[in-house]
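>>> how would this look folded up:
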Amino acid sequence: MRPRLLPVIPLMGVMLFAHSIPARAASLSWMCGHCQMSVGAGETYHFWARTGGIVVPVTLTWDRDRWEVGVFRFTTRQELEYQDHEPDRRVARPYWGFSASRRIGLFGPPAARVFLGIGASYKTETDDLSSTRWDIAGQLGIRFRLGRGGNSLEVCLRHFSNGGLRRPNHGQDFFTLSYVF
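Model prediction:
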């Protein structure tokens, strides 16, 4: 599988620019009290194999990180790959995904909180990973606070699945690394 870093390079520029904006200017308090927006990058996988898809997440959390809505652009096609062999087959084309989740803080100090989320998701296409557009959205992540400004770094494992209601249902697995401001 070819490296797919080219779509990530502009995203890294956006993240650096967002970090340079003063926290007060980037604050969404004019819209809602405790809103935080995040932008990041990620990659898709499937259990024990890489699928090589690049994901660009943009999310909004509010109510002290209890609720999240997200837009996810799966920018590249996904191909199932086993242990450094040539890709077996294409499992998904590029598409848009959307989710709304309720998040629950599990444990950890305020500087590094572990959370779990559950909600619903919508995909603009069906594929070999999920035969439905409406799915269940699950997430497990950790948010690291970066100083006193309210900015954070978040690492999250995410999964969209139709719960086996209709086959195929392998689910969309991906991880994201996001800068929260």
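>>> could you report the pLDDT at Ala137?
Per-residue pLDDT puts Ala137 at 95.
>>> correction: the previous question concerned Lys123.
Reported pLDDT for Lys123: 92.
>>> I'd like the next helix or strand past the one helix or strand in the chain whose mean pLDDT sits lowest.
Sorted by mean pLDDT, DSSP states H and E, the helices and strands of the chain end with helix 23-26, the least confident at a mean of 48. Remark: after helix 23-26, the chain's next helix or strand is strand 36-46, criterion DSSP states H and E.
>>> just checking: what are the partner strands of that next one?
The strands beside strand 36-46 in its sheet (DSSP bridges) come out as strand 49-62 (antiparallel), strand 172-180 (antiparallel).
>>> can you list these in JSON lines and add mean pLDDT and distance to Ile104?
In this view, the C-beta of every residue, glycine as well, is placed from N, C-alpha and C. Output for these, formatted as JSON lines (pLDDT from 0 to 100; distance: least, C-beta to C-beta, whole Å):
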{"stretch": "strand 49-62", "mean pLDDT": "91", "distance to Ile104": "13"}
{"stretch": "strand 172-180", "mean pLDDT": "93", "distance to Ile104": "17"}
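>>> nearest to Ser161, of the ones you listed?
Smallest distance to Ser161 across the strands paired with strand 36-46 (C-beta to C-beta): 7.5 Å, for strand 172-180.
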